[in-house]
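In: A structural model of the following input is requested.
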Amino acid sequence: MASFQDPEVEYERLRVLGSGSYGSAVLVQRVESGQARQFVIKEVDASRMSAEELRKAAQEADVLRKLSHPNIISYISSFLEAGKLCIVTEYADGGDLGDAIKRRSDNGAGFDDDEIMNMFVQLCLALHHVHFHQIIHRDLKAKNVFLTGAAS
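Out: A predicted model of the protein is given here:
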């Protein structure tokens, strides 16, 4: 597969995690000897965007850069490559909450009370941090809540 070339780091493309009208999310790993750390690159096709849409996409990267919190996906970097805005974030290996709910439901098992309360508290802490920085999350839904393997 092809790779991404951040001016400072090269990322090897592993697989597409999802795609939508904005572009796609790609699982990558840094191309460095002895390190196999994985990240996600959100690719936004800048060539098909209006100036306003591009400004909003760049604003998303700026918002992520400002939000350093244990319950919020960490911003790593952003760069332009081949007409695409690439936003690099940490990888949550447990997928999203929407998929976790569906998997549990399909298996006839739900989340127990402790798991629900733990996730609820983490979501509240994350939203408190976002609101403290006077930012409103305008697309809060289970598909936008990412989990680590331990929580899925």
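
In: list the buried residues of the host helix or strand of E115.
Out: In this structure, E115 sits in helix 113-132 according to DSSP states H and E. In terms of neighbour count (16 or more other Cβ atoms under 10 Å), helix 113-132 has its buried residues at M119, Q122, A126, L127, H129, V130. Every C-beta, even on glycine, is put in place using the N, C-alpha and C of the backbone.

In: return the closest of the residues you listed with respect to E12.
Out: Sorting the buried residues of helix 113-132 by how near they are to E12, with Cβ to Cβ, puts A126 at the top with 29.7 Å.

In: so the residue lying closest to that closest one once chain neighbours are set aside: helix, strand or coil?
Out: With Cβ to Cβ, 6 or more residues apart in numbering as the measure, N71 is the residue that lies nearest to A126, at 3.9 Å, once sequence neighbours are left out. Using DSSP: H, G, I helix; E, B strand; the rest coil, the structure places N71 in coil.

In: OK, contacts around N71?
Out: Counting by Cβ atoms under 8 Å, 6 or more residues apart in numbering, N71 makes contact with Q122, L123, L125, A126, H129.

In: again, only using 7 Å
Out: N71 sits next to Q122, L125, A126 when contact means Cβ atoms under 7 Å, 6 or more residues apart in numbering.

In: please apply the same query to V26.
Out: By Cβ under 7 Å, 6+ apart, V26 lies in contact with R13, V16, L17, V40, I41, E43.

In: what do you get if the cut-off is 8 Å, keeping everything else the same?
Out: Counting by Cβ under 8 Å, 6+ apart, V26 has contacts R13, L14, R15, V16, L17, V40, I41, K42, E43.

In: strands paired with the strand or helix carrying the last one, and their directions?
Out: Taking DSSP H and E as the criterion, the element that holds E43 is strand 38-45. Here strand 38-45 is paired, per DSSP bridges, with strand 23-30 (antiparallel), strand 84-90 (antiparallel).
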